Structures are given as C-alpha cells and as structure tokens.
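# how would this look folded up:
(one chain, ligands or ions: 1)
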Amino acid sequence: MKKELGLGLYSLAGVYGRKDPEEIKRMLIYAVENGIEYFDVADQYGPAEEVLGSTLQAYRSRIRIATKVGVTKEGFDLSYNHIQKACRQSLKKLQTDYIDLYQIHFDDHTIPVAETVGALEDLQKEGLILEYGLGHLPLQRVKDYAKEGNPASLLLELSPVALQKYREYLPVCQEYKLPVITMGTTGRGILTGKIPPDHGFEPGDIRNLDPLFQRSLYQSALRVYTKLKELAEQLNKSPVQLTLAWVLGLAHVRTALVGPSRVAHLQENLGGTGWEIPGETGSEMETFLAREEEKKKEARYNDIQEILQGPLSRDRKRAAADLVYALEGLVDFGIATEPEVVPLFTRLMACYRHKETDNTAGEIKDKLVDLFAQGTTRETRV
Ligand SMILES: NC(=O)c1ccc[n+]([C@@H]2O[C@H](COP(=O)([O-])OP(=O)(O)OC[C@H]3O[C@@H](n4cnc5c(N)ncnc54)[C@H](OP(=O)(O)O)[C@@H]3O)[C@@H](O)[C@H]2O)c1
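As a prediction, the model looks like this:
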C-alpha cells in the first residue's frame with residue numbers, strides 16, 4: 001500500500017480562526033507541485049470545494065479529490081435522494097465530472113445502511129464517484145457498512161495524542177481490509193509546538209471547546225509534545241515531522257491528512273514523509289506513549305467526575321467546554337453510546353452558538369449525570 005500525506009481544507013470552514021484564502025490557494029499549488037496527490041474537503045467546509053476546484057482545475061488529472069456527504073444545516077441526512085442531489089452539487093462546486101472518494105461524513109441512524117449504500121453504488125455506476133468511504137461513524141456502523149457494501153477507506157482521528165479510535169477500530173480495518181485515512185494528525189496543531197501553553201483561540205475556533213485542549217488531556221498532550229521534541233532533535237527533524245512519519249508507519253494507515261493554511265507549514269509537514277523512524281527511537285516513542293495513555297486515562301476519568309459532581313462554571317465558554325469534555329469522555333470510556341450523546345452535543349452547540357444559557361447547559365449536565373450513573377452501574381468502565 002502506497003503511503004502518502006494528504007492535504008485537507010477544513011480550515012476554510014473557519015474552525016481554526018481567520019485564514020487568508022489567497023495563501024491557501026498558493027499552498028494548494030505548492031502542494032501539487034511538491035508531490036501531494038490527495039486532497040480532502042467536504043460540502044460543509046465553507047467554500048473549500050469551490051476553492052479546491054477552481055485552484056487545481058488545471059491539475060485535475062494529477063490529483064485525487066475526496067469530499068463528504070451527510071451533514072446538512074438541519075442535521076444529518078444519508079437518504080438516497082439527499083446523497084444523489086448533494087453529489088451533483090459537489091461536482092459542480094469542484095468543477096469536475098467525478099469525485100475520487102465520496103465519504104459518509106457522519107452517521108444518520110434514521111436511514112438504513114442499505115439505502116445509503118444503494119445511493120453510493122448508483123453514483124459509482126454512473127461514474128460520478130470512483131469509490132466511497134466512511135467517516136465519523138460508531139464502530140458497529142462501520143461493520144454494518146463493510147458487510148453491506150464495499151467501502152474503500154475509513155477516516156479516523158489519529159495522532160500520538162489521540163490513539164484511542166485507532167486502537168478500537170483497527171481489528172475491523174484488518175477484518176475488512178479498510179485502509180485508514182487519518183485526521184487531527186498534528187493534534188490540531190499541538191504537536192507543531194506553535195501553540196502557546198496559555199492558548200487563547202479566536203472566538204469560533206473549535207479548539208476553544210475541543211477536549212484535547214482542556215484539562216488533563218491538554219497536559220498530557222504537552223508532555224507528549226515535549227518527548228517528541230527531544231526525540232525529533234536527535235534525528236534532526238521537527239516534532240511534527242516525527243509525528244507524521246510515525247503515523248504513516250502505523251499498520252493500515254494509507255493517508256495522513258494535514259490541515260495547515262500556510263505554505264511554510266505545509267513545507268514543514270512534507271518533511272514528515274520519505275523517511276523511516278530508526279527502530280530504537282520508534283521503541284522509545286512507543287513505550288513513552290503507552291505509559292502516557294495509562295496516566296491520561298486515570299486523570300481524565302477524575303476530570304469527568306469532577307465536572308459532573310461539581311457546579312457548572314459560570315463562564316459560558318468554560319461550562320460548554322467542560323460539558324463537551326464529559327460527553328466525549330463518557331463515550332470513550334464506554335459509559336454512554338454515541339446515539340445517546342450526539343443529540344445532547346447538537347443541542348449544546350446550538351445553545352452555545354446562539355448564546356443561550358445556563359438552563360440548557362444545566363439540563364444537559366443532568367442528563368450526563370444520569371448516563372454516568374447508569375453506565376457505571378453497568379460496569380462498563382474501560
Ligand atoms: N479535524 C477534524 O475534525 C476533521 C474531521 C474530518 C476530516 N478532517 C480532514 O482532515 C484534515 C486535517 O485535519 P486537521 O484539520 O485536524 O489538521 P491538523 O493539521 O492536525 O490541524 C490543523 C491545525 O494545525 C496547524 N498546523 C498544521 N501543520 C502545522 C505546522 N507545520 N506548523 C504550525 N501549525 C501547523 C494549522 O495551523 P495553520 O492554519 O496556521 O497552518 C491548524 O491550526 C482537515 O483539513 C480535513 O480535510 C478533519
């Protein structure tokens with residue numbers, strides 16, 4: 001399997017603060033001219049499809065385009081009709097007559113897997129998409145799609161600071177021979193060392209609420225960064241280059257996506273390809289990461305208890321970040337399921353964006369307290 005770095009344009013959705021679209025266009029050209037062939041967007045990443053389509057039109061035969069379907073302004077939609085319509089809209093915006101990889105963005109549990117697979121396979125027969133892949137789905141749904149259809153890939157969050165999903169999903173990838181495409185590969189910037197420890201992101205930056213940037217998960221990520229820096233220096237590489245080489249070396253990983261918005265950052269990331277980590281360094285890194293995972297698990301569980309047992313912060317942002325932290329943690333610890341928490345997450349985000357307050361947050365917290373009590377009595381703690 002050929003391993004490669006891919007470039008994603010999630011930043012154009014404004015999730016990492018304001019970006020310069022002209023610099024992003026320069027970065028896209030730089031990417032193709034420096035060997036990147038794989039580009040990832042989504043119909044929900046702001047103007048990303050249009051920017052990619054118009055900037056790289058002249059290079060179409062040299063590149064592979066991956067986009068995503070299934071998220072709408074109203075929620076999730078994986079129905080036959082929506083997929084058929086959304087694909088045609090994406091093709092128009094991308095200024096192309098085929099999509100190399102059309103990915104299911106998020107789950108829509110109201111639609112049978114067979115209906116979604118039917119829509120994707122009809123698009124394939126029409127030649128509008130070459131392959132289809134899986135995005136953020138619960139493990140059981142990945143199995144369902146792999147049994148019902150013929151997905152070509154699985155998108156997973158994976159980096160030295162986010163290993164859990166890869167560990168959980170790897171057996172399924174092995175069983176169904178599903179190559180992994182990684183996202184969040186630089187730890188959303190943490191492993192570049194360019195985020196100051198007292199980070200204060202712009203309003204609207206998803207890292208304000210991302211659990212990776214809060215509490216003991218963030219402290220753990222900083223410890224990982226410090227270790228990677230030490231190891232990378234011995235190899236004359238930067239920590240993010242070591243990170244990318246390591247991720248690309250993992251079993252079943254085919255593409256490591258990065259999401260910079262500047263030429264200089266992409267240039268650095270490209271230095272993570274084309275070499276292998278020497279065995280000794282690799283072993284030291286693995287041992288460190290395994291210990292860190294254990295340490296982090298305990299501290300994270302304590303954080304969740306603290307959030308659910310104490311009063312919610314009066315600061316709106318802090319309260320929302322704590323609730324997202326607890327919500328994601330309950331799923332990761334096997335205490336609650338994704339279908340149980342996704343509606344709570346959607347409600348929380350809606351009230352956070354519209355600056356509604358405390359009542360909703362308080363109600364969501366009460367629901368999480370109930371889920372925690374039910375889940376822990378089922379002894380599901382991992
Ligand atoms: N993150 C998700 O939730 C998600 C979900 C599904 C798919 N994807 C796909 O995966 C792609 C990559 O994921 P990601 O957005 O999480 O990417 P990422 O590369 O892990 O994180 C992007 C952040 O890292 C910074 N960064 C990257 N390389 C850097 C460098 N060398 N030096 C300094 N800063 C650097 C970027 O800063 P600058 O902007 O300043 O360069 C940006 O703030 C996305 O674009 C998208 O196509 C992502």
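# what about stretch 34-41 and the ligand, touching?
Yes. On the criterion C-beta under 6 Å from any ligand atom, stretch 34-41 is in touch with the ligand at D40. The way it works is simple: take the backbone N, C-alpha and C, and place the C-beta from them, glycine included.
# Please enumerate residues in contact with that stretch?
4-10, 28, 31, 48-49, 52, 56, 62-68, 94, 181, 183, 255, 257, 266-267, 270 (C-beta atoms under 8 Å, 6 or more residues apart in numbering).
# Got a ChimeraX select line for the buried ones in these?
Here is the ChimeraX command that picks out the buried ones among the contacts of stretch 34-41, judged by 16 or more other C-beta atoms under 10 Å:
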select :4,5,6,7,8,9,10,28,31,48,49,52,56,63,64,65,66,67,68,94,181,183,255,257,266,270
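# Residue numbers of the stretch 101-250 of the chain in contact with the ligand?
Counting by C-beta under 6 Å from any ligand atom, the residues of the stretch 101-250 of the chain close to the ligand are 155, 183-186, 188-189, 192, 194, 240.
# what are the bridge partners for whatever residue of the chain ends up closest to the ligand, then?
Closest to the ligand within the chain is G8: 2.1 Å, counting by C-beta to the nearest ligand atom. Beta-bridge pairing for G8 (DSSP bridges): D40.
# and it, what does it touch?
39-41, 183, 257-259.
# one more time with 10 Å
By C-beta atoms under 10 Å, 6 or more residues apart in numbering, the residues touching G8 are 38-42, 45, 48, 52, 66, 155, 181, 183, 185, 255, 257-260.
# List the ones among those that fall in strands.
38-40, 66, 155, 181, 183, 255, 257-258 (DSSP state E).
# Need the residues you listed in CSV (columns: pLDDT).
Formatted as CSV, the ones in strands among the contacts of G8 follow (pLDDT from 0 to 100):
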residue, pLDDT
Y38, 98
F39, 98
D40, 98
A66, 98
L155, 98
I181, 98
M183, 98
T255, 98
L257, 98
V258, 98
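# What is the nearest of these to V172?
Nearest to V172 among the ones in strands among the contacts of G8, counting by C-beta to C-beta, is L155 at 13.4 Å.
# give me the number of residues near the closest one?
Using other C-beta atoms under 10 Å, L155 has 25 neighbouring residues.
# Show me what counts as buried in stretch 288-300.
288-289, 292-293, 296-297, 300.
# Spell out, range by range, the strands that occur in the protein.
So, for the chain - with DSSP E - the strands run 4-8, 38-40, 64-69, 71-72, 75-76, 99-106, 129-136, 154-157, 180-183, 253-258.
# Would you mind measuring from L266 to E49?
To E49, L266 is 19 Å away according to C-beta to C-beta, to the nearest Å.
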